[in-house]
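*Asks:* pasted the sequence and its predicted model underneath.
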Amino acid sequence: MFGDKRYMTRGINAELPMALIIFLWAKIDELKEESKGNMDYLQVFELKEIKQGDVAENQMIIHRTEVPEYKKSYALLVDDPIAEKIYVIDSGDHCTMLLASEY
């Protein structure tokens with residue numbers, strides 16, 4: 001699950017900087033290692049802009065799954081914060097990263 005054949009849609013390519021795409025794949029890889037491969041076929045990332053003036057970070061990323069239930073949040077400093085929901089779906093022989101609006 002979540003092997004080497006990884007694809008992204010045009011929407012992901014157009015909307016997300018490559019550093020953020022790599023970060024999301026890395027979080028999936030970390031979860032795969034932590035869970036010993038016991039992962040949901042659907043990984044969900046919610047990206048939100050942080051607008052609080054007292055924190056240095058401006059991008060919130062919430063990574064979650066349903067089965068098994070998992071939720072972890074990350075705060076980053078990026079040039080242009082993004083507000084999107086992203087799905088990463090494992091289809092067995094490949095994985096695809098897409099915007100929720102492309103589903």
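*Replies:* Yep, it's here.
*Asks:* helices of the protein, start to end?
*Replies:* Ranges of helices within the chain are 10-15, 18-34, based on DSSP state H.
*Asks:* can you mark which positions in the last one are buried?
*Replies:* When burial is assessed from 16 or more other CB atoms under 10 Å, helix 18-34 yields the following buried residues: 20, 21, 23, 24, 25, 27, 28, 31, 32. Placement of C-beta: from N, CA and C, glycine included.
*Asks:* related to what we said a few turns ago, quick one, which of the helices of the chain is nearest to residue 98?
*Replies:* Closest to residue 98 of the helices of the chain is helix 10-15 (CB to CB; 6.2 Å).
*Asks:* next, the buried residues of the closest one.
*Replies:* 11, 12, 15.
*Asks:* nearest to residue 45, of these?
*Replies:* Nearest member of the buried residues of helix 10-15 to residue 45, counting by CB to CB, is residue 12, at 10.8 Å.
*Asks:* contact partners for the closest one?
*Replies:* 21, 86, 97, 98, 99 (CB atoms under 8 Å, 6 or more residues apart in numbering).
*Asks:* please enumerate the strands of the protein.
*Replies:* For the chain, applying DSSP state E gives strands covering 6-8, 42-49, 59-65, 70-76, 84-90, 95-99.
*Asks:* list the contacts of the second one.
*Replies:* Yep, that's strand 42-49 we're talking about. 2, 24, 27-28, 31, 58-66, 81-90.
*Asks:* cool, and the third one?
*Replies:* Surrounding strand 59-65, the residues in contact under the criterion CB under 8 Å, 6+ apart are 23-24, 27, 31, 39-40, 42-50, 70-78, 81-82.
*Asks:* that one pairs with which strands?
*Replies:* Strand 59-65 pairs in its sheet with strand 42-49 (antiparallel), strand 70-76 (antiparallel), by DSSP bridges.
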